[in-house]
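Visitor: What would the 3D arrangement of this be:
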Amino acid sequence: MHSRADKEWEFIKKPEHFPPHAEEYMSTTRESLKAYAVGVGQYTGKIVSQILDQKHVDGLRPARAILFSLKKKYGIERLEATCQRAWTYDTIEYFSVKSILVHDLDKLAIEQPGCMGEQHTKCATSPVDAQGQQLFHFARGYGYFTPNGASKGEEANHG
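Guide: Residues are numbered from 1 along each chain as shown. Prediction:
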């Protein structure tokens, strides 16, 4: 007989009803996930620790997804390279890690920012401005929105 929940929102689970692999999956703790992540790699450990240390999010599910699903699908080397890229660009979330893997951005050099979508092959050859930012086809130069013949001072008076 199942024990009843004390509160309306409470959910009671019986571990003996889980399949064998699910029981092991559900019994993992934050500390065991952090230790496992460090075993996978330094940056994987950092990413998983950051996810689990967030106060406003229960990070168990995304941490498990990174360590079990993504590692199984893409391998340890790609996962570690992806986590290094995510750590470098400060995108410490499950979806950004997954997106980096899906779009093969882990295969680019860390210094090279990636882009996704149809222009992926064009990004490596796109021009770069003085600050090192890549200029894409949607970047507009100074004066693009200025009406014809209006100077900078006139635009401020009319807008």
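Visitor: lowest confidence element among the helices and strands of the protein?
Guide: Sorting the helices and strands of the chain by mean pLDDT, DSSP states H and E puts helix 152-158 at the bottom, at a mean of 50.
Visitor: hang on, Thr28 is in a strand, isn't it?
Guide: No. Going by DSSP: H, G, I helix; E, B strand; the rest coil, the assignment for Thr28 is coil, not a strand.
Visitor: so how far is Leu52 from the nearest residue to it once chain neighbours are set aside?
Guide: Using C-beta to C-beta, 6 or more residues apart in numbering and skipping the chain neighbours, the partner closest in space to Thr28 is Arg64 (6.9 Å). In this view, the C-beta of every residue, glycine as well, is placed from N, C-alpha and C. Separation of Arg64 from Leu52 (C-beta to C-beta, to the nearest Å) stands at 10 Å.
Visitor: Give the residues shared as contacts by those two.
Guide: Taking C-beta atoms under 8 Å, 6 or more residues apart in numbering as the contact rule, Arg64 and Leu52 both touch Leu33.
Visitor: can you list the weak-confidence ranges in the chain?
Guide: Scanning the chain with the threshold set as pLDDT under 70 gives 1-2, 15, 19-20, 22-27, 112-128, 131-142, 149-159.
Visitor: Tell me where it has helices.
Guide: 20-26, 30-40, 42-53, 60-64, 71-74, 76-88, 94-102, 152-158 (DSSP state H).
Visitor: Serialize these to TSV and add fields for distance to Leu108 and mean neighbour count.
Guide: What follows is those, written out as TSV (distance: least, C-beta to C-beta, whole Å; neighbours: other C-beta atoms under 10 Å):
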stretch	distance to Leu108	mean neighbour count
helix 20-26	33	10
helix 30-40	21	16
helix 42-53	16	20
helix 60-64	24	17
helix 71-74	15	15
helix 76-88	8	20
helix 94-102	9	19
helix 152-158	39	9
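Visitor: Distance to Ile110 added to those, as TSV?
Guide: What follows is the helices of the chain, written out as TSV (distance: least, C-beta to C-beta, whole Å):
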stretch	distance to Ile110
helix 20-26	32
helix 30-40	18
helix 42-53	11
helix 60-64	23
helix 71-74	17
helix 76-88	6
helix 94-102	11
helix 152-158	39
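Visitor: Of those helices, which is nearest Trp9?
Guide: For these, distance to Trp9 was read as C-beta to C-beta. The smallest value, 18.0 Å, belongs to helix 60-64.
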